[in-house]
Every structure is written in structure tokens, then in C-alpha cells.
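Undergrad: Sequence plus the predicted model coming up.
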Amino acid sequence: MPLQEGALAPEFVTADMFGQSIRLSDFKGRPVLLSFMRYASCPMCNLRVRDMVLAHERLARAGLVMLVVFQSSAESMGEYVGRQDSPFSLIPDPEMHLYRLYGVERSWAGLLAPANVFHAFRAFFRGFLPGRVDGPIDRMPADFLIGADGRIERAFYARAAAEHVPLSEVTSWVHGRLPSTGNGSVEGTA
């Protein structure tokens with residue numbers, strides 16, 4: 001069942017692909033982007049991770065924590081998505097506990113959506129080619145913007161396999177939390 005905006009984000013304790021413990025409540029007081037991807041070799045997911053890596057420094061300066069979940073094992077993640085040397089936590093969830101906790105869905109219509117073609121070609125052009133599929137191939141992505149108070153401010157459940165909350169929206173959301181510098185601008189905006 002999809003989570004509702006305004007609800008407390010479900011607490012979880014897990015480990016990243018390197019075995020480092022992650023507890024959602026450890027980030028209370030900071031905004032969090034919790035992204036659910038498909039499987040580690042998904043070209044469109046790897047393209048999204050690349051875009052997140054490129055935006056990370058700017059968003060981290062604004063206080064954002066990024067957590068990215070894959071339905072793959074740590075080994076599979078190391079083989080595919082781990083090659084990107086991500087500066088944020090990549091979380092393996094091959095048993096899909098977090099997917100169930102956050103109500104992340106599956107959809108054959110979303111997998112076959114025409115909108116995916118453009119993103120797949122962009123991914124292929126960047127060198128992200130398909131590989132082994134871990135878990136359900138029809139998994140849809142989801143993104144959750146979790147406020148500093150631990151409440152879900154945006155719950156985005158994709159309708160196509162390439163959909164995510166645009167990083168421009170994440171940027172606006174994070175910058176809206178920064179204190180004013182007194183000159184009418186928001187500190188840290190790019």
C-alpha cells in the first residue's frame with residue numbers, strides 16, 4: 001500500500017553495500033531523499049545514479065542525505081552500480097523488505113511504457129548496458145522526500161520504469177529549507 005504524504009517515514013535499520021549500518025532515524029534533523037531503484041544492472045537506474053552523483057556535492061552542501069535502495073545483492077551492486085563510486089549510501093535489499101515497507105510497486109504496463117525508450121537510449125549512450133536481472137523485472141522506482149522532522153513531504157511512485165522525482169524538484173525542495181541570507185536570496189542556491 002502506498003505511503004501518504006504527511007505520514008512519518010517508516011523507520012528501518014539496514015546496511016549499505018559495504019556492510020555499514022544505516023538507521024533512518026540517525027538522519028533526523030536533515031532532509032533525506034530515499035530512492036528505490038530496480039535492479040543493479042538496470043541501465044535507466046544507473047543513469048539516475050550517475051545524475052545523482054553529479055548533483056550530490058551541491059545537494060549535500062544544502063544538507064541533503066541521499067539513500068539509494070536496489071533489489072539486488074551487495075555483490076551484484078558492486079559489479080554494476082558500484083563502479084560509479086557513489087558518494088552516498090547504496091543499499092542492497094534482495095529480500096525486498098524495504099520495498100514492502102514503503103509500498104514500492106510493480107507494473108508490467110510501467111515496464112513497457114513508451115516513455116522508457118528515450119531514457120534507455122540515453123543510458124546506453126552513457127555506457128550503461130543491461131545485465132543480470134535481480135528480482136522482479138517489472139519493479140517500478142519510487143522516491144521519498146523526507147523532511148527534517150521525519151515526515152514524508154513527497155511520495156513519488158513511478159508509473160514508468162524510468163520515472164523519478166526530477167533532481168530540479170529535489171534541489172528546490174532542499175533549498176526551500178535553508179535560512180535566508182537577509183538579502184532576499186536563499187543561501188546556497190546555485
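TA: That came in fine, so what should we check first? Numbering: from 1, shown residues only.
Undergrad: Nearest residue to the middle of the chain?
TA: Ser35 (2.0 Å; Cα atoms, centre = their mean).
Undergrad: how much space between it and Pro114?
TA: Ser35 is 23 Å from Pro114, where distance means Cβ to Cβ, to the nearest Å. C-beta: built from backbone N, CA, C; applies to glycine.
Undergrad: mind listing the strands for the protein?
TA: With strands called from DSSP state E, the chain shows them at 13-15, 21-23, 32-36, 65-70, 89-92, 142-146, 152-157.
Undergrad: Select the longest helix from this protein.
TA: When every helix of the chain is counted residue by residue (DSSP state H), the longest turns out to be helix 43-61.
Undergrad: What is it packed up against?
TA: Here helix 43-61 touches strand 32-36, strand 65-70, helix 115-125, helix 167-175, going by 3 or more Cβ pairs under 8 Å, 6 or more residues apart in numbering; DSSP states H and E.
Undergrad: Using PDB, write out every CA atom in stretch 124-134.
TA: What follows is stretch 124-134 as a C-alpha-only set of coordinates in PDB (Å, rounded to 0.1, in the frame of the first residue of the first chain):
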ATOM      1  CA  PHE A 124      23.000   3.100 -23.500                       C
ATOM      2  CA  PHE A 125      24.800   6.200 -24.900                       C
ATOM      3  CA  ARG A 126      26.400   6.700 -21.500                       C
ATOM      4  CA  GLY A 127      27.600   3.100 -21.400                       C
ATOM      5  CA  PHE A 128      25.000   1.600 -19.100                       C
ATOM      6  CA  LEU A 129      24.100  -1.600 -20.800                       C
ATOM      7  CA  PRO A 130      21.700  -4.200 -19.500                       C
ATOM      8  CA  GLY A 131      23.000  -7.200 -17.500                       C
ATOM      9  CA  ARG A 132      21.700  -9.700 -15.000                       C
ATOM     10  CA  VAL A 133      18.200  -9.000 -13.600                       C
ATOM     11  CA  ASP A 134      17.900  -9.500  -9.800                       C
END
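Undergrad: who touches it?
TA: For stretch 124-134, the external contacting residues (Cβ atoms under 8 Å, 6 or more residues apart in numbering) are 39-44, 46-47, 50, 70-73, 76, 79-80, 94.
Undergrad: I'm done for today, thanks for sticking with me.
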